[in-house]
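In: build me a model:
(one chain, ligands or ions: 2)
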Amino acid sequence: MSETTIAFNPPRIQVPPHPQWPELDDAEKTALKTRIKRLLKEHDALLVAHYYTDGDLQALAEETGGCVADSLEMARFGSETDAKTLVVCGVRFMGETAKILNPEKRVLMPELKATCSLDEGCPAEAFSAFCDRHPDHTVVVYANTSAEVKARADWMVTSSIALPIVKHLKEQGKKVLWAPDKHLGHYIEQVTGVDMLLWPGACVVHEEFKSVALERLRRLHPDAAVLVHPESPDEIVEQADVVGSTTALINAVASMDNPEFIVATDEGIFWKMRQLAPDKKLIAAPTAGEGATCESCAHCPWMAMNALQNLEQVLLGGDNEIHIDEAIRRRAVLPIQRMLDFARQQSD
Ligand code: 13P
Ligand code: SF4
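Out: Numbering: from 1, shown residues only. Ligands and ions are numbered 1, 2, ... in the order given. Below is the predicted model:
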């Protein structure tokens, strides 16, 4: 079993309530979208949105030449466009990754307080001390970390490329120190057979899926395929037909013949799944049941801080800009670039 006991107790994460955005009628929404489109043009700006954000934001990103994607594609898109400004609709680490890769671009976010429980649960100082105690390990961090934590890493990975990169390290005979998601780390460890040291972090959204209730739901829907993001606990992953990144789960809905899918990830992903496969029935994996706290109810409260309303505000004010200390940025870019280079070689 991996060493997961370290001289550090992860902080109790304060999960904010979901923000309540005022309802907009169709006319108000259309007018707001028109104003945002004009502002995007004026600022030479593009939207880079994650699949977990509100469907209106995803639609707007697509309509205006931006991108809707998983964490890997979001990072790639920012580097490939000529736009002077990137407006990242997602959580803080996504905006920081965009800025680390594109220091010459202005990177804005609708809400800078949109964090992530994995990022919050991995403070840079404690993490650096953990790395210092294991100098013989290659440090692999998940994208869901601060710029300071990335600056301490050898590799950064996202869920869509974590397995091939860790397999590659195994072939080189490396030992891996992994942070911060213990569930994703454990999943990678099981699939690759690499002995990994795991940081004890977790995603507050995926941790809430309930295995007994999921078993019951599967019995009620025997034709449904179960799709699981690997940030989920072991007992959920074990019940999956497909385990993968947000992009992999979306592709599964579009390509598999099943009429129904039980989906164990943030429900924001349903917007893209419905767009690609309107005839398929999507069922949210259960977060209720025994022991349920339902702090997130399968929707990330930080992703929910992104809305049309604050997107317009940030474009009007030009504030909420991401800034990163240049010394940190120069170190943090190395593990990210290593991942992007590896991804490019794989696709060649
Ligand atoms: P993906 O890279 O699969 O989009 O995941 C990002 C994330 O934060 C999942 O919770
Ligand atoms: Fe972080 Fe979980 Fe929200 Fe993804 S869903 S941003 S891992 S808290």
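
In: show me which residues of stretch 239-248 are buried.
Out: 239-240, 242-248 (16 or more other C-beta atoms under 10 Å). The C-beta positions use only the backbone N, C-alpha and C, and glycine is treated the same way.

In: what's the farthest-apart pair in the residues you listed?
Out: Maximum pairwise distance in the buried residues of stretch 239-248, criterion C-beta to C-beta, is 21.0 Å, between Q239 and T247.

In: neighbouring contacts of stretch 188-200?
Out: Stretch 188-200 is contacted by residues 2-4, 6, 8, 10, 121-122, 127, 130, 134, 137, 162-163, 166-167, 169-170, 175-182, 185-186, 230 when judged by C-beta atoms under 8 Å, 6 or more residues apart in numbering.

In: go again with 6 Å.
Out: Identification of contacts with stretch 188-200 by C-beta atoms under 6 Å, 6 or more residues apart in numbering yields 2-4, 10, 134, 162, 166-167, 170, 176-180, 182, 185.

In: going through those residues, which ones are buried?
Out: Applying 16+ other C-beta under 10 Å to the contacts of stretch 188-200, the neighbour count classes 2, 10, 162, 166, 176-180, 182, 185 as buried.

In: ok, those vs ligand 2, which is closest?
Out: Nearest to ligand 2 out of the buried ones among the contacts of stretch 188-200 is P180 (C-beta to the nearest ligand atom; 9.6 Å).

In: what's the distance between the residue nearest to the closest one when sequence neighbours are not counted and ligand 1?
Out: Spatially, and ignoring its direct neighbours in sequence, P180 is nearest to G201 (3.2 Å; C-beta to C-beta, 6 or more residues apart in numbering). Look at G201 and ligand 1: by C-beta to the nearest ligand atom, to the nearest Å, they are 12 Å apart.

In: beta partners for G201?
Out: Beta-bridge partners for G201, by DSSP bridges, are D181.

In: tell me, how many residues neighbour it?
Out: Using other C-beta atoms under 10 Å, G201 has 27 other residues around it.

In: pull up the gap between it and D348, please.
Out: Using C-beta to C-beta, to the nearest Å, G201 is found at 33 Å from D348.

In: check F342 too.
Out: Using C-beta to C-beta, F342 is found at 11 Å from D348.

In: L39 reaches L315, doesn't it?
Out: Yes - with contact defined as C-beta atoms under 6 Å, L39 reaches L315; the gap is 3.9 Å.

In: and for the two, which residues touch both?
Out: By C-beta under 6 Å, 6+ apart, no residue touches both L39 and L315.

In: which of the two has more residues huddled nearby?
Out: L315 (22 against 17).

In: give me the most central residue, this protein.
Out: In the chain, the residue lying closest to the centroid (C-alpha atoms, centre = their mean) is S71, at 5.4 Å.

In: which pLDDT does the model give that one?
Out: Looking at S71, its pLDDT reads 95.

In: pretty sure it is touching T158, no?
Out: Yes - counting by C-beta under 6 Å, T158 is a contact partner of S71 at 4.2 Å.

In: the helix or strand hosting H183 close to ligand 2?
Out: Using DSSP states H and E, H183 sits within helix 182-192. No - between helix 182-192 and ligand 2, judged by C-beta under 6 Å from any ligand atom, nothing touches; the nearest distance is 9.2 Å.

In: partner strands of the next helix or strand after that helix, with direction?
Out: Reading on from helix 182-192 to the C-terminus, the next helix or strand found by DSSP H and E is strand 196-198. Paired neighbours of strand 196-198 in the sheet (DSSP bridges): strand 175-179 (parallel).

In: angle of the partner strand against helix 182-192?
Out: 150 degrees (axes from the mean of the first three to the mean of the last three C-alpha atoms, to 10 degrees).

In: and H137, what is it in contact with?
Out: Shown in contact with H137 (C-beta under 6 Å, 6+ apart): 175, 177.

In: near ligand 1, which residues of the stretch 1-150 of the chain?
Out: With C-beta under 6 Å from any ligand atom as the criterion, the stretch 1-150 of the chain meets ligand 1 at residues 70-71, 144.

In: give me the subset of the residues you listed lying in helices.
Out: Counting by DSSP state H, those place S71 in helices.

In: got the residues of the stretch 1-150 of the chain next to ligand 1 as TSV, with distance to ligand 2 columns?
Out: Compiled in TSV, those are given as follows (distance: C-beta to the nearest ligand atom, whole Å):
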residue	distance to ligand 2
D70	11
S71	9
N144	5
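
In: can you tell me the helix or strand for the spatially closest residue to A151 that is not a sequence neighbour?
Out: Counting by C-beta to C-beta, 6+ apart, the nearest residue to A151 once its immediate chain neighbours are dropped is R331, at 3.8 Å. Using DSSP H and E, the element containing R331 is helix 326-347.
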